[in-house]
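Asks: Got a sequence here, can you model it:
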Amino acid sequence: MDKLKMEDMSFEDAIQELETIIDKLESGEVPLDETISLYDKGSELKKYCELKLQTAEEKIQRISKKEPGFEGLEVEDIETK
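Replies: Numbers count the residues shown, from 1 in each chain. Model prediction:
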């Protein structure tokens, strides 16, 4: 999140940034003030990612209701690799 605003980040970039923050926090080598700052950023990234996922799920549900043959399709039914 250095120079990118969170709203401009892709889901994948936000997840990568969150993983970087988690790694730093788990290392135990971060000063207390930075730990607090990183935790705050991580919390915001988590919320952002959850919102992006919720938005994607809602889009899938809308598409599945419109498209013939997709009736009853649930997000859980979609395979990811």
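Asks: Report the central residue of the protein.
Replies: If you average the C-alpha coordinates of the chain and look for the closest C-alpha using Cα atoms, centre = their mean, you land on Cys49, 2.1 Å from that point.
Asks: That one: helix or strand, and which one exactly?
Replies: Applying DSSP states H and E as the criterion places Cys49 in helix 32-66.
Asks: Next, the contact list for the residue nearest to the centre of the chain, please.
Replies: If you count contacts by Cβ atoms under 8 Å, 6 or more residues apart in numbering, Cys49 has them with Phe11, Ala14, Ile15, Leu18. Bear in mind the C-beta positions are built from the backbone N, C-alpha and C, glycine included.
Asks: May I see the buried residues of the helix holding Cys49?
Replies: Neighbour-count burial for helix 32-66 flags Leu38, Lys41, Gly42, Leu45, Tyr48, Cys49, Lys52, Ile60, Ser64 (criterion: 16 or more other Cβ atoms under 10 Å).
Asks: Quick check: which of those has the minimum pLDDT.
Replies: Comparing pLDDT over the buried residues of helix 32-66, Ser64 scores lowest. The value there is 78.
Asks: returning to what we had before: going by distance to Lys24, which of the contacts of Cys49 wins?
Replies: When those are ranked by distance to Lys24 (Cβ to Cβ), Leu18 comes first, at 10.9 Å.
Asks: Who are the contact partners of that closest one?
Replies: Taking Cβ under 8 Å, 6+ apart as the contact definition, Leu18 lies against Gly42, Leu45, Lys46, Cys49.
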